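> heads up, no residue letters with this:
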């Protein structure tokens with residue numbers, strides 16, 4: 001790299017990473033947080049992020065990717081929806097899924113995988129609530145659909161993405177709540193999987209980054225954020241390798257790649273945003289209820 005510095009990547013789920021940074025407050029060994037924006041909101045709230053570096057590239061970032069408080073910023077857009085195994089669907093004569101409510105269709109009994117509540121579960125709960133006239137403020141329809149119809153279809157509450165990959169690839173899972181980015185990656189490897197077009201829309205999701213407050217390598221972390229994650233070159237590389245839609249408005253993608261990812265503000269606006277501040281306020285109660293009524 002230009003700095004000659006080695007980047008040590010510590011892989012973990014967003015919530016595990018957040019827990020680590022909370023535990024090490026005042027004595028951090030991580031310099032940069034790069035996690036899901038829903039969890040990043042908690043990090044901002046807990047004052048774990050340093051102010052964003054002053055750099056012109058920040059002005060090129062689309063408004064929906066600029067997080068409140070000026071400490072964290074979106075690095076890539078993606079969508080959360082339903083991925084399905086096209087071979088299993090064809091073999092059974094099933095039409096492609098068209099709604100979040102398809103998760104509760106009894107013909108998929110024992111063929112559905114959804115992440116636990118801390119993973120894709122919470123997103124699925126909110127989207128199913130919305131598909132049934134509810135919202136973040138009225139989650140009742142979501143819990144009702146999950147406890148009465150969806151839970152009995154689920155054979156695994158699987159949070160590990162490589163396991164979900166395997167299940168979708170082999171057809172053990174016919175249907176999964178998953179991201180467009182991972183579905184694209186799997187399809188590119190030749191697996192018979194597709195991301196469904198749902199009438200209620202897919203959920204707007206985003207990865208986000210911030211320099212950790214009290215970071216051991218603050219300056220290098222700032223450079224990595226600006227040069228590797230937010231620059232047009234870095235954003236093109238992330239679109240190519242991971243399927244993330246650019247948050248930098250100056251990014252130009254080749255047509256073939258542009259067709260595969262969330263590209264441009266119009267496409268971002270077609271996705272359904274989640275009010276994570278509202279969700280995070282209720283997260284503890286919902287988790288208890290989920291464990292009691294849904295994933296048992």
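Alright, I've got the coordinates. These numbers come from a predicted model, not from an experiment.

> for residue 141, helix, strand, or coil?
Following DSSP: H, G, I helix; E, B strand; the rest coil, we place residue 141 in the helix state.

> Over to residue 12: give its phi and psi.
Backbone geometry at residue 12, expressed as degrees, to the nearest 10, gives phi -170, psi 160.

> Tell me how many other residues surround it.
Per other C-beta atoms under 10 Å, the neighbour tally for residue 12 reads 11. Every residue, glycine included, has its C-beta placed from N, CA and C.

> gap between the residue lying closest to it once chain neighbours are set aside and residue 258?
Leaving aside its sequence neighbours, residue 12 sits nearest to residue 20 (C-beta to C-beta, 6 or more residues apart in numbering; 7.1 Å). As judged by C-beta to C-beta, to the nearest Å, residue 20 and residue 258 stand 36 Å apart.

> cool, residue 241 as well?
Distance of residue 241 to residue 258, computed by C-beta to C-beta: 15 Å.

> Over to residue 162?
Distance from residue 162 to residue 258, by C-beta to C-beta: 28 Å.

> more neighbours, the two?
Neighbour count, other C-beta under 10 Å: between residue 162 and residue 258, residue 258 has more, with 17 against 9.

> Could you list the low-pLDDT ranges of the stretch 151-296 of the chain?
Low-confidence segments of the stretch 151-296 of the chain (pLDDT under 70): none present.

> how about the strands in this structure?
Residue ranges of the strands in the chain, as given by DSSP state E, are 32-36, 73-85, 112-114, 154-157, 175-179, 193-195, 203-211.

> will you turn the ones you listed into CSV that also has mean neighbour count?
CSV is the format used below for those (neighbours: other C-beta atoms under 10 Å):
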stretch, mean neighbour count
strand 32-36, 22
strand 73-85, 26
strand 112-114, 26
strand 154-157, 19
strand 175-179, 26
strand 193-195, 22
strand 203-211, 24
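
> What residues are bridge-paired with the residue most central in space within the chain?
The chain has residue 205 as the residue nearest its centroid, 5.0 Å off, counting by C-alpha atoms, centre = their mean. Residue 205 forms beta bridges with residue 78, as assigned by DSSP bridges.

> my guess is it meets residue 76, correct?
No: assessed by C-beta atoms under 8 Å, residue 205 is found out of contact with residue 76, at 9.4 Å.

> for the closest residue to residue 129 other than its chain neighbours, what are its contacts?
Spatial nearest neighbour of residue 129, excluding adjacent residues (C-beta to C-beta, 6+ apart): residue 142 at 3.0 Å. Residue 142 makes contact with 125, 126, 128, 129, 130, 132, 134, according to C-beta atoms under 8 Å, 6 or more residues apart in numbering.

> redo that, cut-off 6 Å
The neighbours of residue 142, taking C-beta atoms under 6 Å, 6 or more residues apart in numbering as the test, are 125, 128, 129, 134.

> closest to residue 236 out of the strands of the chain?
strand 73-85 (11.2 Å; C-beta to C-beta).

> For that closest one, give the mean pLDDT please.
Averaged over strand 73-85, pLDDT sits at 98.

> angle of it against strand 32-36?
40 degrees (axes from the mean of the first three to the mean of the last three C-alpha atoms, to 10 degrees).
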